[in-house]
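1. 3D, please:
(3 chains)
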Amino acid sequence: MAPRSPEQLYAARVTRALKKDYPDVTCALEFESPVQLLVATILSAQCTDKQVNIVTRSLFQKYRTAADFAAANLPDLENAIKSTGYFRNKAKNIKACCQRLVERHGGEVPRNLDDLVQLPGVGRKTANVVLGTAYGIASGVVVDTHVARITHRLGLTKSSDPVKIEQDLLVLLPQKEWINFSHRLIYHGRSVCNARKPRCEECSMRKFCPRVGVEA
DNA sequence: CTCCCGATAT
DNA sequence: ATATCAGGAG
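-> Residues are numbered from 1 along each chain as shown, chains lettered A, B, ... in the order given. Have a look, this model is predicted:
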């Protein structure tokens, strides 16, 4: 066992509290294949997972495979995902992304970060979600709006840049924890530590959170 | 940095 | 009315 810094011990304390609160938490996005998870994750940008699941329920009946999305009529696809917002960008990216899956990856979602982030509309956050949740590959730590906000509030990072936050978390957390740490923080971010009105009195981490009692 | 954008809570 | 929601690209 490698020696651990005070920051790593603090991160372990946070991890223990999250495990106790959310023992069985997992990805909230609903899917039946890696391709579907990729599409759902693209749709989840600046949209609630609840709304994404409403849309994908019917969407995945009409489009099942990468080939289906690659052949989609763009206005039809736009209309089908309209309620998730950014629907023109998302529809264009999903179609182009799946066209490339068919052309270069045999219709499958690649299992490495470099190939994934080359896909249109797929950044580091989406790539980490797909690798971790569809394939169980801990390629990094998913840093979305919830993870960014809460790690900053807890003092696990001083940065507000998602890329730098992930670099900090990669050092603070053992690789074994990477995938589920994000799932738990995201769930915690929706239910307790939300952006506008955090429910600190209900938070199990209030005893050591440096933000409790601090305004703004 | 800006733009993309509908649904919901406050 | 406004902030925010499992971001990414130009």
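
2. list the contacts for the residue nearest to A:Pro162 when sequence neighbours are not counted?
-> Among residues not flanking A:Pro162 along the chain, A:Val143 sits closest, at 4.3 Å (C-beta to C-beta, 6 or more residues apart in numbering). (Glycine included, C-beta is placed from N, CA and C.) For A:Val143, the contact set (C-beta atoms under 8 Å, 6 or more residues apart in numbering) comprises A:124-125, A:151, A:162-163, A:165-166, A:169, A:182.

3. same deal with A:Ser160?
-> Taking C-beta under 8 Å, 6+ apart, one finds A:148, A:152 in contact with A:Ser160.

4. quick one: it from A:Thr151, how far?
-> For A:Ser160, the distance to A:Thr151 equals 10 Å [C-beta to C-beta, to the nearest Å].

5. Could you do A:Ser139 as well?
-> To A:Thr151, A:Ser139 is 18 Å away according to C-beta to C-beta.

6. So for the two, which sits in the more crowded spot?
-> When neighbours are counted by other C-beta atoms under 10 Å, A:Thr151 comes out ahead of the other of A:Ser139 and A:Thr151, with 25 against 21.

7. so where does the more buried one fall, helix or strand?
-> helix A:145-154 (DSSP states H and E).

8. List the contacts of that helix.
-> A:14, A:141, A:143, A:157-160, A:162, A:165, A:168-169, A:182, A:185-186, A:188-190, A:193, A:195, A:198, A:205, A:209-211.

9. Taking these, please make a ChimeraX selection of just the buried ones.
-> Typed into ChimeraX, the next command selects the buried ones out of these (criterion: 16 or more other C-beta atoms under 10 Å):
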select /A:14,141,143,157,162,165,168,169,182,185,186,188,189,193,198,205,209,211
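
10. how does chain A divide into domains?
-> A:6-25+A:141-202, A:34-135 (automatic domain parsing).

11. so how far does the last one reach from one end to the other?
-> Taking C-alpha to C-alpha, to the nearest Å as the measure, domain A:34-135 stretches 8 Å from start to finish.

12. Please apply the same query to the first one.
-> Across domain A:6-25+A:141-202, the terminal residues are separated by 26 Å (C-alpha to C-alpha).

13. Need the mean per-residue confidence for it.
-> With pLDDT averaged residue by residue, domain A:6-25+A:141-202 scores 97.
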